[in-house]
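Participant: need a 3D model of the sequence below.
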Amino acid sequence: MPIFFTIVFSEGFSGISRLPGFPTDDTINWFVPTAALMGSSFAGVTTGLGVARDLQVGFYERFLASPVPRSSLIAGAMSAGALRALIPTTLTLIVGLLLGARLPGGVTGVLALVLAAMGLALCGSAWSLGVAYRFKTMQSAPLMQMGMFLAIFLSTLQMPLELLTGWLKAVATYNPVTYVLRLARQGFLGSPSWADTWPGLAAIGGMVLLLTIFARRGMQRVIP
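Facilitator: Below you'll find the model as predicted:
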């Protein structure tokens, strides 16, 4: 799916690169990190889907009965989601470069992309776990996916913040995913800088903290 998004968005919206103020002359440089982060977020959601399935069939009770801290069940699932994010990120990056994407940021730009992707996967994992613990069924899958889908699409998915207008600009300004995207994209648009890095790291940290609390409280509904 991330590769599909890379091809469709970069070709379908190729004209936006001619807008004054657009940061690159080739839209594929804009959409490769976007698609990688979309794939990573849904890699995280997959973690919650697995837990929802285990809760639905009763298998998760074995984990709850094991002599381990409850927090380790959440931390382990979130870590798995973050590691799984490396798969779509790597594949999207390779395909993007083969299709002509440029990476002037070099290795540092790749590291920024990987950091953003794993961070958003942690967020997707925590969000989906919180939903899974509350509904305990695979039927909650659309809610898990829609939450991440809206968070990404109501950010700077297609346009820089400076070129957005109306209510979408207001929402994107306060949407933390906007700053995670800026962290991921900087290596494709130029040389990475601390000014574009720290807001993304802060956004990831804040979202992970709040969503982990959301997941932990959801687990308490399964077992106090």
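Participant: need the residues that contact stretch 171-178.
Facilitator: With contacts defined as Cβ atoms under 8 Å, 6 or more residues apart in numbering, stretch 171-178 is touched by Leu120, Ala151, Ile152, Leu154, Ser155, Thr156, Leu161, Leu164, Ala203, Ile204, Gly206, Met207. (Glycine included, C-beta is placed from N, CA and C.)
Participant: which of those residues count as buried?
Facilitator: Leu120, Ala151, Ile152, Leu154, Ser155, Thr156, Leu161, Leu164, Ala203, Ile204, Met207 (16 or more other Cβ atoms under 10 Å).
Participant: and the gap between the first one and Ala151?
Facilitator: Okay, so that is Leu120. 9 Å (Cβ to Cβ, to the nearest Å).
Participant: mutual contacts of the two, please.
Facilitator: Ser41, Val177.
Participant: for the nearest residue to Gly50 once chain neighbours are set aside, list the residues it contacts.
Facilitator: In space, and not counting its chain neighbours, Gly50 is closest to Ala77: 7.8 Å by Cβ to Cβ, 6 or more residues apart in numbering. Contacts for Ala77 (Cβ under 8 Å, 6+ apart) come out as Thr47, Gly48, Gly50, Val51, Ser125, Leu129.
Participant: in which helix or strand would I find Ala77?
Facilitator: Element membership of Ala77, judged by DSSP states H and E, is helix 70-84.
Participant: now swap in Ala172 and tell me
Facilitator: Residue-wise, Ala172 maps onto helix 166-174 under DSSP H and E.
Participant: with Ala43 instead?
Facilitator: helix 28-57.
Participant: other SSEs contacting that helix?
Facilitator: Applying 3 or more Cβ pairs under 8 Å, 6 or more residues apart in numbering; DSSP states H and E, we find helix 28-57 packed against helix 2-12, helix 60-65, helix 70-84, helix 86-98, helix 106-135, helix 141-153, helix 176-189.
Participant: by how many degrees do that helix and helix 141-153 diverge?
Facilitator: For helix 28-57 against helix 141-153, the angle by axes from the mean of the first three to the mean of the last three Cα atoms, to 10 degrees is 160 degrees.
Participant: name the residues of helix 28-57 that are buried.
Facilitator: So, applying 16+ other Cβ under 10 Å, buried residues of helix 28-57: 28-52, 54-56.
Participant: tell me where the chain is predicted with low confidence.
Facilitator: 224 (pLDDT under 70).
Participant: so for Leu211, which of the helices and strands packed on helix 28-57 sits nearest?
Facilitator: Closest approach to Leu211 among the helices and strands packed on helix 28-57 (Cβ to Cβ): helix 106-135, 3.5 Å.
Participant: what is the orientation angle of that closest one with helix 141-153?
Facilitator: Using the same axes, to 10 degrees: helix 106-135 against helix 141-153 is 140 degrees.
Participant: what packs against helix 106-135?
Facilitator: With contacts taken as 3+ Cβ pairs under 8 Å, 6+ apart, helix 106-135 sits against helix 28-57, helix 70-84, helix 86-98, helix 141-153, helix 176-189, helix 194-222.
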